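1. Show me the folded form of this:
(2 chains)
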Amino acid sequence: MTDLIITAGTAISAMGRGVDSTRACILEQHQTLQPDTFQSPGHGYIGRVAGVEAHPFPAALSQFDCRNNRLADMALTTDGFMEATLEAKAHYGHHRIAVIMGTSTSGILTTEEAYAARPYEDAPLPPGVPYENTQDLSSLPRYVAARLNITGPTLTISNACASSTRAFVDAAHLIASGLCDAAIVGGADSLCRMTLQGFASLGLVSASPTRPCDAERSGISIGEAAGFVLLERSNGRPRSAKPAGYGLRLLGYGASSDGHHMSSPDPTGSGAAHAMKKALDRAGLAPEAIDYINMHGTGTQANDQMEDRAMASLFGSSVPCSSTKGWSGHTLGASGILESMICAIAIQDQYLPHCMNSRMVDPLFQSDILLEPRHGTLNYVMNNSFGFGGTNSSLIFGPLT
Amino acid sequence: MIISINGIGCWGEGLHGWRETKAILQGEAQHDRTSLKLPPPESLPANERRRASQVIRLAILCAEEACQQAGCHAGELPAIFASSNGDGYIINRILNSLASPAGAVSPSLFHNSVHNAPAGYWMISHKSHQPAVSLGLYDETLSAALLKAAAEAYAEEKPVLFCIYDAPIPGSLGAIRRTGSSFGCAFILTPAPGPMCQLALSLKEGQCADDPFTSLPESLADMARHNPAAQILPLLQAIAQGQDHSFSLPYGANHLTIDLTHAHP
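-> So this is what the prediction gives:
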């Protein structure tokens, strides 16, 4: 594949804003999930980002103002990400940078509020409800492009919880085919009643903070996150000495479908294993070269069991792995971009994060699930995301230098 | 970027399959906009067929027909699905539920509400492990998705299934997001010259001023102006008439130019 690198990257979630505070959250083992007071009645625990409501949103772009774009703006203004894109723009030209975003529900919260304010059911929404700039899938990439003053091709990927992981694949296609020289890749998903109520209706929300891979796991805690990377060819331009936020090398990607069921993963894990195998093949790496896997690890019975089987079928029990959703909650379509940053922190610190909150690994699991953090040599790490509709994506990262 | 089209599927209001659509676009049949009959797609297993919404049917009928026409094995193709509105019927019902005093959402509506539901049903019906991406970009969904599909075929050096569809959103939301009718279209795209016709796609800086829909019969021009997926109709018209044709579609600060040439034996 085209040799691709991340020269700037950041993300925000309940774990913190940017690389340093997320690192502190992991090292100091903060408790970040809190009871759901976002809606009434609440369901279980949530990973809520502090300060979203008070964040100063750019007045010139107020037509885009909604919780999802507020999260995006908080991420854009973290870790010097915006400044880093200026250098790339000066080199490539603003029209040669694409904006490839993943989101599952975009700014639907704004429409939820407009529905609640109707005088009667089916009353037409007033023309002032900004559907196009909030709920519509195009809202996020158009906002990011406008904020960064970038005019290359924009695209929204909405592959449920695999959205922002899959966005890397689509960005790689656009760069490889010459449609752009670099891409802002990432995504955002924010708290809304649709997902809080929807996952509760499926019986998938845990009453206590989520405990991925635990024998007694009882479901997910929903979270929110936004994050971005600047993805470009490794020989695209002279590189600054230090990346803004974090840097990585994208060594491989793999995407697949389960072809099994809309909301239940294939219990054999063969679809997920397919995505991981394709990522390994593309990276030209043997399974034993992988030093850590950041799992999708949602904390549901079905997902974690399936993922363990899929990993064990390729890696046996030799690769340490964990889910960091015990900190962030399940940030849905944004989980891939958040966990890419966690992979970068793991490589930088040579430190493998564990499954926060989890106490006893499911005895049926074969993989090396981390209940305690570990120090180790990390060169190559894998990041997995899976979603409704049986959509799977895996990425393999290595150090930038 | 040059790609060839090796199979076409097309369904929508008064457009029941490519054969009927082609005759209308050739001026040999009338377009009856009042009829929309979407038969249950043959490829869906009984369970999924029962659960599939009208929007899922629309997308899958198009994909099925394009694969049949190209004579390719559907389960072997990576897929690019695209829609601006997604499943407006389901989204509106969920929004209504959330606004009701109980606020509870139907579980099956919720998992069918994801934008990638048609892609999921498609892969389930073929028990396929091929990747699928689901895209949306408001009124520029066609420009973005066609270019992305071509880039994927080119970068992965493999044929892909491209499927674009849109349908009206009912209820309160429909009042501010107006979509005139249901329309869907699918292509099998191959990154090499083919026996039928080929497209040269290029992304150019700046806006395009021309109206690409003036050559269409009035009812179809109206569809193209009020359904983001139906913006593909000028291309389908030129294919149906065997004419080489160039047109442009807006894409953000840029525009996408589509140059169609037919294979000359």
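2. Tell me which residues touch the residue of chain A found nearest chain B, please.
-> Closest to chain B within chain A is A:Gly389: 2.8 Å, counting by C-beta to the nearest C-beta. (Each C-beta comes from the backbone N, C-alpha and C, glycine too.) By C-beta atoms under 8 Å, 6 or more residues apart in numbering or on different chains, the contact set of A:Gly389 is A:159-160, A:257, A:262, B:114, B:116-117, B:119-121, B:123, B:132, B:134.
3. A:Lys325 too?
-> A:Lys325 touches A:Thr210, A:Pro212, A:Ile220, A:Ser221, A:Gly223, A:Gly297, A:Thr298, A:Gly299, A:Thr331, A:Ser335, counting by C-beta under 8 Å, 6+ apart.
4. How many neighbouring residues does A:Ala60 have?
-> For A:Ala60, the neighbour count with other C-beta atoms under 10 Å in any protein chain shown is 8.
5. now swap in A:Pro35 and tell me
-> A:Pro35 has 13 neighbours, counted by other C-beta under 10 Å.
6. What are the phi and psi values at it?
-> phi -60, psi 150 (degrees, to the nearest 10).
7. hang on, isn't B:Leu95 packed against A:Thr111?
-> Yes: using C-beta atoms under 8 Å as the test, B:Leu95 is close enough to A:Thr111 to be in contact (6.2 Å).
8. Name the nearest residue to the residue of the stretch 101-250 of chain B found nearest chain A, sequence neighbours excluded.
-> Residue of the stretch 101-250 of chain B nearest chain A, by C-beta to the nearest C-beta: B:Gly120 (2.8 Å). Closest residue to B:Gly120 apart from its sequence neighbours, by C-beta to C-beta, 6 or more residues apart in numbering or on different chains: A:Gly389 at 2.8 Å.
9. Helix, strand, or coil at the one you found?
-> Three-state call for A:Gly389 (DSSP: H, G, I helix; E, B strand; the rest coil): coil.
10. what pLDDT does it get?
-> On the pLDDT scale, A:Gly389 is placed at 96.
11. separation between it and A:Gln366?
-> Distance check for A:Gly389 against A:Gln366: by C-beta to C-beta, to the nearest Å, it reads 27 Å.
12. Spit out the contact partners of the closest residue to A:Pro373 other than its chain neighbours.
-> Spatially, and ignoring its direct neighbours in sequence, A:Pro373 is nearest to A:His354 (4.7 Å; C-beta to C-beta, 6+ apart). Residues near A:His354 by C-beta under 8 Å, 6+ apart: A:Ser322, A:Leu370, A:Leu371, A:Glu372, A:Pro373, A:Arg374.
13. Test my guess that the third one contacts A:Val361.
-> The reference is to A:Leu371. Yes: using C-beta under 8 Å, A:Leu371 is in contact with A:Val361, at 6.3 Å.
14. Neighbour count: these two, which is higher?
-> A count of neighbours by other C-beta under 10 Å puts A:Val361 above the other of A:Leu371 and A:Val361, at 18 against 15.
15. Please name the bridge partners of the more buried one.
-> As for beta bridges, A:Val361 partners with A:Asp214 under DSSP bridges.
16. What confidence value was assigned to it?
-> pLDDT for A:Val361: 98.
17. So it sits against A:Ile369, correct?
-> Yes: contact between A:Val361 and A:Ile369 holds when scored by C-beta under 8 Å: they sit 4.6 Å apart.
18. picking that back up, can you count the residues close to the residue of the stretch 101-250 of chain B closest to chain A?
-> By other C-beta under 10 Å, the residues close to B:Gly120 number 31.
19. What does the pLDDT read for A:Lys28?
-> For the record, residue A:28 is Glu, not Lys. The score at A:Glu28 is 97. That number is its pLDDT.
20. OK, contacts around the residue nearest to B:Leu77 when sequence neighbours are not counted?
-> Residue nearest to B:Leu77 in three dimensions, not counting chain neighbours: B:Leu161, with 4.4 Å by C-beta to C-beta, 6+ apart. Neighbouring residues of B:Leu161 by C-beta under 8 Å, 6+ apart: B:Ala63, B:Ala66, B:Cys67, B:Ala74, B:Leu77, B:Pro78, B:Ala79, B:Ile80, B:Ala186, B:Phe187, B:Ile188, B:Leu189.
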